[in-house]
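Next comes the sequence, and after it the predicted model I'd like to discuss.
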Amino acid sequence: MERKNRISNGQLEALILTIAIGVGVLSLPNVLANILGNDGWIIIIVGGLVTLPFLYIMYKLNKMFPGEVYFEYGKKIVGTTLFDVFNILYIIFYIFMLAFEVRVFAEVIKAFLLDRTPTEVIIITMLLASSYIARKDFGALGRMAIILVIIVGVIMLIFGILALPTMDYTNILPLFRIGFGDIKDILRGFGYIAFSYSGFEIILIAMAYIEKPEESLKYSIKGVLYTAVVYLITFFISLAQLGIYDTKRQIWPMLSIMREIELPGFFIENLDALVMSAWVLVIFGTIGPDMYINGTILKSIFNSRRHDFLILPLIPIIYIVSLIPQNLSQVYSQIDIISKTLGTFTSFVCPTMLYIVARLRKGG
């Protein structure tokens, strides 16, 4: 395998972080506040902890087939025909996820930056831009992730520092007011939080290209934990700045906070443009790898040697699906449904099932 197509464990960690933190981070405080109030942060922690055992299963499964991609070696475990059915389900899942991600992206850009630009134009532009990185080799995704983490990290650090003086930390209280009766609410939030953590399954492809696969589990766990930390910070900043009632009312609480923070002594009036630029990069870092995964799956189904020419035909399909929901409410409700059904199967059930079958075939 070419050196340029290899990635380091640090790049894997950055990939998990950039893929997971996409459109979900904007509405996460609103969704969790409406489900569990001030204790919505508990769902973030539960969601992160739930992913870890399955991350371990994916790691162990990949170790059984070193240098191979999940969407290829799955055929060796359950047969070509059955695994191609699974691959089709993966394709459908990622098409829906990409469609919802780019639709939310377009709605946010239209509401806060380009109010006169048609949603359709924003969607197709982002898909075409993301297809560029999706058609490259896997090593390019890893290098992109490192660059994005550095740029976005610096901008968000500035945002966090400037937000500190205006926070009212009493808004975070009271905490720990949940009981056994709230377990059903935690489960109700699992669909959305699963969508927000979606991205850790990139390890199913990444371990075929990683330089030191024996260390990839540690870095993958760190990627998930860093994602959880970002979500926790986002949730608590929203509470401290807006309070629980405004957090429940605002669809995108973080964007409302951006408009309230000013840069004293700077020529920039507020942080809107700066933070939105960072968020556009984050979405690029989410959509590009997801399109790459789709191309890899199609390469497996059609037994092709390359994935790049399979990316562009996906764009009109994703574009059409993204325009099916009539409004944002429908987008988020469908995200919840797809995450709880196809998302549960593709991220949790299918890899676990294949791992069990592979272990049994290899004599435990």
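Structure's in. What do you need?

surely Val149 meets Leu15?
No - in this structure, Val149 sits apart from Leu15 without contact. The criterion is C-beta atoms under 8 Å, and the distance is 9.3 Å. For glycine as for every other residue, the C-beta is placed from the backbone atoms N, C-alpha and C.

Look at the two and report which has more neighbours.
When Val149 is set against Leu15 and neighbours are counted by other C-beta atoms under 10 Å, the residue ahead is Leu15, at 30 against 22.

which residues touch that one?
Under the criterion of C-beta atoms under 8 Å, 6 or more residues apart in numbering, the neighbours of Leu15 are 7, 141-142, 145, 199, 202, 206, 223, 289.

need the contact list for Phe345.
Going by C-beta under 8 Å, 6+ apart, Phe345 touches 89, 93.

That one and Arg359: what is the separation?
Distance from Phe345 to Arg359, counting by C-beta to C-beta, to the nearest Å: 20 Å.

can you check Ser333 too?
Applying C-beta to C-beta, the value for Ser333 to Arg359 is 38 Å.

what do you get for Ile183?
Relative to Arg359, Ile183 is positioned 32 Å away (C-beta to C-beta).

Then Tyr132?
For Tyr132, the distance to Arg359 equals 40 Å [C-beta to C-beta].

just Leu114 next, same as before
Distance from Leu114 to Arg359, by C-beta to C-beta: 52 Å.

same thing with Ile283?
Distance from Ile283 to Arg359, by C-beta to C-beta: 38 Å.

Then Ser238?
For Ser238, the distance to Arg359 - C-beta to C-beta - is 43 Å.

try Leu61
Here Leu61 is placed at a distance of 9 Å from Arg359 (C-beta to C-beta).

Neighbour count for these two, which is higher?
Each of Leu61 and Arg359 has its neighbours counted (other C-beta under 10 Å); Leu61 has more, 23 against 14.

nearest residue to that one other than its sequence neighbours?
Nearest in space to Leu61, with sequence neighbours left out and distances taken as C-beta to C-beta, 6 or more residues apart in numbering, is Tyr355 at 4.5 Å.

List the contacts of that neighbour.
By C-beta under 8 Å, 6+ apart, the contact set of Tyr355 is 57-58, 60-61.

Just the buried subset of the residues you listed, written out for ChimeraX, thanks.
Applying 16 or more other C-beta atoms under 10 Å to those leaves a buried subset, and the ChimeraX line that selects it is:
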select :57,58,61
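
Quick check: the farthest pair among the contacts of Tyr355?
By the measure C-beta to C-beta, Met58 and Lys60 form the most distant pair in those, at 7.4 Å.

Measure how buried Thr170 is and give me the count.
Neighbours of Thr170 under the rule other C-beta under 10 Å: 10.

Likewise for the one 3 residues further on?
When counting by other C-beta under 10 Å, one arrives at 11 neighbours for Leu173.

residues in contact with the closest residue to it other than its chain neighbours?
With C-beta to C-beta, 6+ apart as the criterion, Leu173 has its nearest non-adjacent residue at 7.0 Å, and that residue is Asn38. For Asn38, the contacting residues are 172-175, 177, 239, 244, by C-beta under 8 Å, 6+ apart.
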